[in-house]
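S.K.: Sequence and predicted structure, then a few things I'm wondering about:
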Amino acid sequence: NGLLNIEGVFEHMVKNHENIERDVRFAVTCGGGSAKGIHLRGKGAEKCQEIPVKVEPLFLDQDNRSAKDKQEFNLQFVLTCSASWVSHPTHLDLMYLNRHFLVSVDPTGLAPGAHSAYITAHDATNPARGKLFEVPINVIRTEKLSMVPRPRVEHRETFQPGTIRRHFLEVPSGATWATFSAANMSKDVPGKFVLHTVQLLPKLVVRTLEHHKMFSLAENGEWQHSIPVRGGPGMVVEFCVSKWWANIGTVDCQYSVTFHGVRPSNNNMVMHGGEGIYRLDLDSENHTEEGQPEIKLKTSVQVVRPTEGKVVSLGGGTRDILPVGRHMYELQLQYSFSLPKTAETILNLGMLSDVLYESEMESQLWMLYDSNKRLLGSGDAYPSKWSIKLEKGDYTVRASVRHEKRELVDKFTDTPLMVSSKLSSPISLDLYSSHPQAQVGGKKISTVSISPGRCTAVYIAPLSTDKHSKGATLGQFLQGTATFAKDEAGKKADVYSFKYILPEGGKKKDKGGKDKDKKKEDGAAYEEAIRDCKIGWLAKLGYMTKEGQDLYTELCAAGGNLTSVQSARLNNIMTVPEVERDWAAVLEQADRVILSVDQAQLLAWLGMKSDARENAVEVKKEMDKAKLQLVEALTAKGEAMLEKGEQDKEKLLGLYTDIVKYTDQTDVKVFGFMWKLFRQQGLPAKALKLSVKQLEDKQTKDNEKVVLESLQALGWDHIVRFIELGKPARYPGEYQPF
């Protein structure tokens, strides 16, 4: 009953505290492996079996125990068991070494259900000491299924509050989901029930195929629920039905379990976009099933390699030292990745996932930071539990793996990180009933009839667009689900994982190829490449250095279109920190850029609805470049005018009008001028609105500084104080320690 008799326990300890077994534990293993008991299930519970049992005595701190104690150790045991279907030796003489004995279990005469027994060992010289060890025995006998028209079992039971009914069913080969149906046969009494199902799979935790559901049955009401199952010889699933303990009343309930199955030829489906059409065979072993194949890709997964990795010894103090002075080693990995847009994100260290206490590693942990070193979240072994919504931007992940063997943690130095981002809308792959239809993109498959003994082929066509391949990194893939059942309950229960590996993105066709070939023939391309290289270096060299001035003079003397030259020179001047910037030089250089751009031609092109010319692509490229250079020059000129104390409102508003012809005022490229203009014109609230939007788009110290200046201009000191006090949390100096 879970209660402890303190007085009896104390008396037992006083009487037996000098016995040798006080410092001994008995390690019991069964079946030649590491099993702690005898468990017969499925095919193993249909015949009589002999199972070897090994018992080994182990002293506490046996490495430091004297040899005399080990040599003198000897116990005689009496073995007993109350179950008639278990045969075993009656005595066991045990010294300080392992001994084996055979246990015979005959489950053939047992009724369907769960049966348990224990072989207990008592000291033959003093049975009052109680049992010193035991061997648990469990036998699971399955119920017989009715195979016509489908594999199913049906029961009718009367349930009182707390009544439990357990049913063990052998899952037919080919079954992939089971439907539980319940009906209330009482006309005037509702009921509240609990359904608990478990199917054990080798080397997997119990929750892999475990489901728990609470449901209610109204008077004469019905309820259905489907769960995934794994079919095959010896596979057993348990359905446990119980009436809720606090639900008063007696309910007459009829319930059944029906097995269905549409099995694909491959449970782990991986399709490469470059391999063309992917074939999949569907089969149903037990009954004809109606199928409606559907594949949806829901997440984009990029594979990231660590940018940094180091092994740290944690033996500097007593905190991370194991008994007997064993040191602990920690592998610290750092990953960097970017998200192009806001998405629900899951981080997965595949080598360490889905195992925690079963893992060979001592511990594992990852911590996610934004570009400001602010901690956003952390997680460990189970990736699906740690979904985080991330905004567009750059992120850093730091991972920790610990073990007492340095050579073991060294093996995880190149462990990849998988970053799964949920797509804004799922992508459906096109499925066809024949290869020719998949080739030409003909009639898509809708529903199919899948009969036993005959495979039904489904052909999957690759994505028709390389939208998701653009910018894809090496190893990036799309992941989603595949369902094949037409029944809605089957679609929810029988779900498979599907991966689509992205091929390299297509390259843009160059419509101006003939002209470029002509340029290459006359050598002009060589001169243009040299000029572009010099312009690139002009933006890097200091504008006050002799090399920078000489290069600028040379490019201006060479003639041609000087917009790129003047723009590179302006960018060079603007790279100087704002407090040291020569605003007079900025103003002068910005005017040169503005004069070099043909604004009339640019505005005429922007006003065109469509460009049907042969070189439309090249023209667009040149115009976009000129527009960008002009906007940067107008913004730099405006900032320079404001910094030099320009008070002429008409000039400033005229410049503002010129800028909004080409871009929106919220564009990040014109932000530096816009907020300063609003502040100078006595519009601090408008400056605040603009700066807050910039801060939301990209949280940096510079953008926050602009927000604070706007708040101070409004006199909102309480908000300024609140933001200032929160800076250490938003912009930490270092990453948090593990």
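M.R.: Nice, thanks for sending it over.

S.K.: From now on I want contacts and neighbour counts done on CA atoms only, so please keep to that.
M.R.: Fine.

S.K.: what about the closest residue in space to Pro233 that isn't next to it in sequence, neighbour count?
M.R.: Spatial nearest neighbour of Pro233, chain neighbours left out: Ser173 (6.5 Å); criterion: Cα to Cα, 6 or more residues apart in numbering. Close neighbours of Ser173, defined as other Cα atoms under 10 Å, add up to 16.

S.K.: could you measure the most centrally placed residue in the chain against Met574, distance?
M.R.: Centroid-nearest residue in the chain: Ile346, 3.3 Å away (criterion: Cα atoms, centre = their mean). Distance of Ile346 to Met574, given as Cα to Cα, to the nearest Å: 40 Å.

S.K.: that's a helix at Gly505, yeah?
M.R.: No. Using DSSP: H, G, I helix; E, B strand; the rest coil, the assignment for Gly505 is coil, not a helix.

S.K.: And it, how far from Gly475?
M.R.: According to Cα to Cα, Gly505 stands 13 Å off from Gly475.

S.K.: same deal with Met95?
M.R.: Note on Met95: its distance to Gly475, by Cα to Cα, is 59 Å.

S.K.: try Lys385
M.R.: Applying Cα to Cα, the value for Lys385 to Gly475 is 24 Å.

S.K.: When these two are compared, which one has more neighbours?
M.R.: Gly475 (13 against 10).

S.K.: Next, the contact list for the nearest residue to the more buried one once chain neighbours are set aside, please.
M.R.: Leaving aside its chain neighbours, Gly475 sits nearest to Val303 (6.1 Å; criterion: Cα to Cα, 6+ apart). When contacts are counted by Cα atoms under 8 Å, 6 or more residues apart in numbering, Val303 touches Pro416, Leu417, Met418, Val419, Thr473, Leu474, Gly475, Gln476.

S.K.: of those, buried ones?
M.R.: Buried members of those, scored by 16 or more other Cα atoms under 10 Å, are Pro416, Leu417, Met418, Val419, Gln476.

S.K.: Check which helix or strand the fourth one maps to.
M.R.: Spelled out, that is Val419. strand 417-428 (DSSP states H and E).

S.K.: Mind listing what's buried along that strand?
M.R.: Using 16+ other Cα under 10 Å as the test for burial, strand 417-428 gives Leu417, Met418, Val419, Ser420, Ser421, Lys422, Leu423, Ile427.

S.K.: Show me what the longest helix along the chain is packed against.
M.R.: Counting residues, the longest helix in the chain under DSSP state H turns out to be helix 616-643. Packing contacts for helix 616-643, counted by 3 or more Cα pairs under 8 Å, 6 or more residues apart in numbering; DSSP states H and E, involve helix 563-574, helix 583-596, helix 599-606, helix 649-662, helix 671-680.

S.K.: contact partners of stretch 42-57?
M.R.: 24-32, 38, 95-108, 139-142, 170, 233-236.

S.K.: Report the buried members of those residues.
M.R.: The neighbour-count criterion (16+ other Cα under 10 Å) marks 24, 26, 28-31, 38, 95-96, 100, 102-103, 105-107, 139-142, 170, 234-236 among the contacts of stretch 42-57 as buried.

S.K.: give me the low-pLDDT residue ranges for this protein?
M.R.: 1-2, 315-322, 325, 506-523 (pLDDT under 70).

S.K.: coming back round to it: surely the residue nearest to the centre of the chain forms part of a helix?
M.R.: No. Ile346: not assigned to a helix; according to three-state DSSP it is strand.

S.K.: partners of it in the sheet?
M.R.: Beta-bridge pairing of Ile346 under DSSP bridges involves Ser420.

S.K.: and the gap between it and Ser387?
M.R.: 5 Å.

S.K.: His88 reaches Val103, doesn't it?
M.R.: Yes. With contact defined as Cα atoms under 8 Å, His88 and Val103 form a contacting pair (4.8 Å).

S.K.: Please name the nearest non-neighbouring residue to Val28.
M.R.: Spatial nearest neighbour of Val28, excluding adjacent residues (Cα to Cα, 6+ apart): Val55 at 4.7 Å.

S.K.: One more: Cys253?
M.R.: Counting by Cα to Cα, 6+ apart, Asn184 is the residue found nearest to Cys253 once chain neighbours are left out, at 4.8 Å.

S.K.: now do Glu154
M.R.: Excluding its sequence neighbours, the residue lying closest to Glu154 (Cα to Cα, 6+ apart) is Ser256, at 4.1 Å.

S.K.: tell me the SS of the closest residue to Glu632 other than its chain neighbours?
M.R.: Spatial nearest neighbour of Glu632, excluding adjacent residues (Cα to Cα, 6+ apart): Lys669 at 6.9 Å. At Lys669 the chain is in helix, as set by three-state DSSP.

S.K.: Just checking: what are the partner strands of the lengthiest strand in the chain?
M.R.: In the chain, taking DSSP state E as the definition, the longest strand is strand 289-304. Paired neighbours of strand 289-304 in the sheet (DSSP bridges): strand 417-428 (antiparallel), strand 448-450 (antiparallel), strand 477-485 (antiparallel).

S.K.: Which stretches in the stretch 201-350 of the chain count as helices?
M.R.: For the stretch 201-350 of the chain, applying DSSP state H, counting those that start in this stretch gives no helices.

S.K.: quick one, strands of it?
M.R.: Taking DSSP state E, counting those that start in this stretch to define them, one finds strands in the stretch 201-350 of the chain at 210-217, 222-228, 236-243, 251-260, 263-264, 269-272, 278-283, 289-304, 308-313, 329-339, 343-348.

S.K.: Can you say which of those is packed in most?
M.R.: Most buried of those, by mean neighbour count (mean count of other Cα atoms under 10 Å): strand 263-264, with a mean of 22.

S.K.: who does that one touch, helix- and strand-wise?
M.R.: When contacts are defined as 3+ Cα pairs under 8 Å, 6+ apart, strand 263-264 sits against strand 278-283.

S.K.: If the residue nearest to Gly475 is in a bridge, with which residues?
M.R.: In this entry, Val303 is beta-bridged to Met418, by DSSP bridges.
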